[in-house]
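Enquirer: sequence below, structure please.
(2 chains)
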There are 2 protein chains.
Amino acid sequence: MKIFSKEQIISQLNLELAVKRLEEGFIAFCAGKVQVPPVQAFAFTAANGDCCVKSAYVEGSDTFTVKVSTGFYDNPSKGLESNDGLMMVLSATTGQPLALMQDEGWLTGIRTALAGRIAARLLAPKNVQAIGILGTGMQARMQLEQLGAVTTCRKIIVWGRSDAGLEAYKAFATGLGYQVQTTRNAADVARAANLIVSATPSREPLLKSEWVQPGTHITAVGADAAGKQELDAALVARADRIIVDSIYQCSQYGEISHALKAGLISESQLAELGALLAGKVRGRENDDQITLVDLTGVAVQDAQISSCALASMQG
Amino acid sequence: MKIFSKEQIISQLNLELAVKRLEEGFIAFCAGKVQVPPVQAFAFTAANGDCCVKSAYVEGSDTFTVKVSTGFYDNPSKGLESNDGLMMVLSATTGQPLALMQDEGWLTGIRTALAGRIAARLLAPKNVQAIGILGTGMQARMQLEQLGAVTTCRKIIVWGRSDAGLEAYKAFATGLGYQVQTTRNAADVARAANLIVSATPSREPLLKSEWVQPGTHITAVGADAAGKQELDAALVARADRIIVDSIYQCSQYGEISHALKAGLISESQLAELGALLAGKVRGRENDDQITLVDLTGVAVQDAQISSCALASMQG
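Expert: Below you'll find the model as predicted:
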């Protein structure tokens, strides 16, 4: 078994191949051609930690993947990162372990950011006035890095809870060539931007329906577990198109689950990203529609990004 | 993360510590103090393979374990072993990956054999006339190796389907110091032996009730998946004590599941190995009772054997 470090993976991952593999993965998932066993979850109450094991096999692939992710929220006080993780890639023809990706969670970050890039490419309005980012963490940075490939807009407005976080994000985004405005009022983001990405661990709605302009596209990536919510349920209900990575999972705990439970939308209004990629459902039809993509993160992305990482490293 | 090879693990595993850890694990499991998420299972139909991911955390432990096991049954034609596997040990206080055990399934084999040893120590009759072994494969060998620690009997009778398998097993057991008889008739085993271990992948009963002597102890380890069966349901019904590693799992697909489904026994007759180890249920009470232990294999064993392996290697 080959072992790759986070540094090796970051320097060698072929991003264009990764986009292609992720798109194929979403299409296969939507077509029922991915084996996705139930997620294994642990709670380490005394240590304020959790762990989940996600595994997936895209039928017909040469490999399958087992991913272990951990979050131990007292780690920073010990000088450690809160999140860690690794992926194992095994042969789907012999069962042999092929590679251990010691990516420390980076592959999960990049596959999430690339899904955001795919969503924006498919659904963003033609003329992006400004990119709005909710959140200043690692995923908020990775999303912005990837959006640069699908829009020529170089103006952003970023919302965060702390001035220090906003200043650090501004320095980062300026370094990428963006003209950056910061705010602690999320309404400012909705008023200035018509391509918005929310990437926070919020447990209450940050973005209200009445602030959002017609024609806006929103990608929400924060609601990856029960209890999380970034968007007002009324905003979800107002969207003309709602695309999700997994109807099942998003209905359980995704951004749209709140609007579903409140009876503001019905499951028949939802379509999966794979269906949109396969041309089976319509995307944006005009410049006035509000489009929404809810990404909770699916194991097929892990299978595709890790096999892509292995292929990238084998040249 | 430290990486250990099968050879390192075999040469350094502290077996006495492993027995102790496994016993503690069975007791914790029975007391509801082990987090055991659902098993993840894959089927690779085209390659005639399967994979399962089993994970467990014994509450209060320093570590938890994720195990990946594969079986690809056309591998021998490619010069590869059918079974492969590895275990990952992670910190339960920081989430960091601590060790990768590239044991190729050996730790699963030894934890199963040690459970058989624990069962025999607790339930075998005082005077073992002969040890009976059904099966000639790797697990049948490991069981015999471990039984040597809990009985002074050095006479065995082994049943197998092929003369070649029996001859190879005889050479192995003779090398361990046993006086060995081989047979292709399972009735011979029951007539000669009163401590019997069945370790085959059989899908039909091998051992019939009418052959078995009063006072016999039987440990069945083969029925680790749906459709497998080594013992006649009437023999299960005849047993005076039925001990299982997991009531839930054994009721699903263990040896005793067939007798349960046929209505020959009821769940109230079952007790877990952890309850026996904790002194909460009675074991053998006299030399005439037939005792039966059904081991389907539980993830807590993986957690305990892998943490023991790590402790053994850290000296």
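Enquirer: okay, now residue A:204: neighbour count?
Expert: 9 (other Cβ atoms under 10 Å in any protein chain shown). The way it works is simple: take the backbone N, C-alpha and C, and place the C-beta from them, glycine included.
Enquirer: isn't it up against residue A:229?
Expert: Yes - at 6.2 Å, residue A:204 counts as touching residue A:229 under the criterion of Cβ atoms under 8 Å.
Enquirer: phi, psi of the residue lying closest to residue A:30 once chain neighbours are set aside?
Expert: For residue A:30, ignoring the flanking residues on the chain, the nearest one in space by Cβ to Cβ, 6 or more residues apart in numbering or on different chains is residue A:274 at 2.7 Å. Dihedral angles of residue A:274 (phi, psi; degrees, to the nearest 10) stand at phi -60, psi -40.
Enquirer: for residue A:274, give its distance to residue B:268.
Expert: Distance, residue A:274 to residue B:268, by Cβ to Cβ, to the nearest Å: 49 Å.
Enquirer: ok, these two, which is more surrounded?
Expert: Between residue A:274 and residue B:268, counted using other Cβ under 10 Å, residue A:274 has the larger neighbour count: 26 against 6.
Enquirer: so the more buried one is in contact with residue A:26, correct?
Expert: Yes - taking contacts as Cβ under 8 Å, residue A:274 lies within contact range of residue A:26: 3.9 Å.
Enquirer: overlap of the contact sets of the two?
Expert: Contact criterion Cβ atoms under 8 Å, 6 or more residues apart in numbering or on different chains; residues shared by residue A:274 and residue A:26: none found.
Enquirer: run through the residues that contact the single nearest residue of the stretch 101-250 of chain A relative to chain B.
Expert: Nearest residue of the stretch 101-250 of chain A to chain B: residue A:102, at 6.8 Å (Cβ to the nearest Cβ). Applying Cβ under 8 Å, 6+ apart to residue A:102 gives the contacts A:3-6, A:86, B:1, B:97.
Enquirer: return the alpha-carbon coordinates of the helix ranked longest in chain A using PDB.
Expert: Ordering each helix of chain A by length in residues (DSSP state H) puts helix A:106-123 first. Output in PDB follows, covering the C-alpha atoms of helix A:106-123 (Å, rounded to 0.1, in the frame of the first residue of the first chain):
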ATOM      1  CA  TRP A 106      -8.000  18.200   2.800                       C
ATOM      2  CA  LEU A 107      -9.500  15.900   0.200                       C
ATOM      3  CA  THR A 108     -12.900  16.400   1.900                       C
ATOM      4  CA  GLY A 109     -12.400  20.100   1.700                       C
ATOM      5  CA  ILE A 110     -11.500  20.100  -1.900                       C
ATOM      6  CA  ARG A 111     -14.200  17.800  -3.000                       C
ATOM      7  CA  THR A 112     -16.700  20.000  -1.300                       C
ATOM      8  CA  ALA A 113     -15.200  23.100  -2.900                       C
ATOM      9  CA  LEU A 114     -15.200  21.500  -6.300                       C
ATOM     10  CA  ALA A 115     -18.900  20.600  -5.900                       C
ATOM     11  CA  GLY A 116     -19.500  24.300  -5.200                       C
ATOM     12  CA  ARG A 117     -17.600  25.100  -8.400                       C
ATOM     13  CA  ILE A 118     -19.700  22.700 -10.400                       C
ATOM     14  CA  ALA A 119     -22.900  24.100  -8.900                       C
ATOM     15  CA  ALA A 120     -21.800  27.700  -9.800                       C
ATOM     16  CA  ARG A 121     -20.800  26.700 -13.300                       C
ATOM     17  CA  LEU A 122     -24.300  25.200 -13.900                       C
ATOM     18  CA  LEU A 123     -26.500  27.700 -12.200                       C
END
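Enquirer: apart from its neighbours in sequence, what residue is nearest residue A:2?
Expert: residue A:99 (4.7 Å).
Enquirer: just the angle for the helix or strand harbouring that neighbour relative to strand B:97-102, thanks.
Expert: Assessed by DSSP states H and E, residue A:99 sits inside strand A:97-102. For strand A:97-102 against strand B:97-102, the angle by axes from the mean of the first three to the mean of the last three Cα atoms, to 10 degrees is 170 degrees.
Enquirer: chain center to strand A:97-102: distance?
Expert: Counting by Cα atoms, centre = their mean, to the nearest Å, strand A:97-102 is centred 23 Å from the centre of its parent chain.
Enquirer: relative to helix A:106-123, how tilted is it?
Expert: Using the same axes, to 10 degrees: strand A:97-102 against helix A:106-123 is 90 degrees.
Enquirer: each with direction, which strands does strand A:97-102 pair with?
Expert: strand A:2-5 (parallel), strand A:83-91 (antiparallel) (DSSP bridges).
Enquirer: and residue A:9, how far from residue A:111?
Expert: For residue A:9 relative to residue A:111 (Cβ to Cβ), the value is 12 Å.
Enquirer: same question for residue A:24.
Expert: 13 Å.
Enquirer: which residues are in contact with each of these two?
Expert: Here residue A:24 and residue A:111 have residue A:304 as joint contacts, going by Cβ under 8 Å, 6+ apart.
Enquirer: now the stretch 201-315 of chain A against chain B: closest residue?
Expert: Closest to chain B within the stretch 201-315 of chain A is residue A:299: 9.7 Å, counting by Cβ to the nearest Cβ.
Enquirer: would you agree that residue is in contact with residue A:57?
Expert: No - contact criterion Cβ under 8 Å: residue A:299 and residue A:57 do not qualify, at 9.2 Å.
Enquirer: which neighbours do these two have in common?
Expert: Contact criterion Cβ under 8 Å, 6+ apart; residues shared by residue A:299 and residue A:57: A:34, A:65.
Enquirer: which one's more surrounded, the two?
Expert: Shown here are residue A:299 and residue A:57; by other Cβ under 10 Å, residue A:299 has more neighbours (27 against 24).
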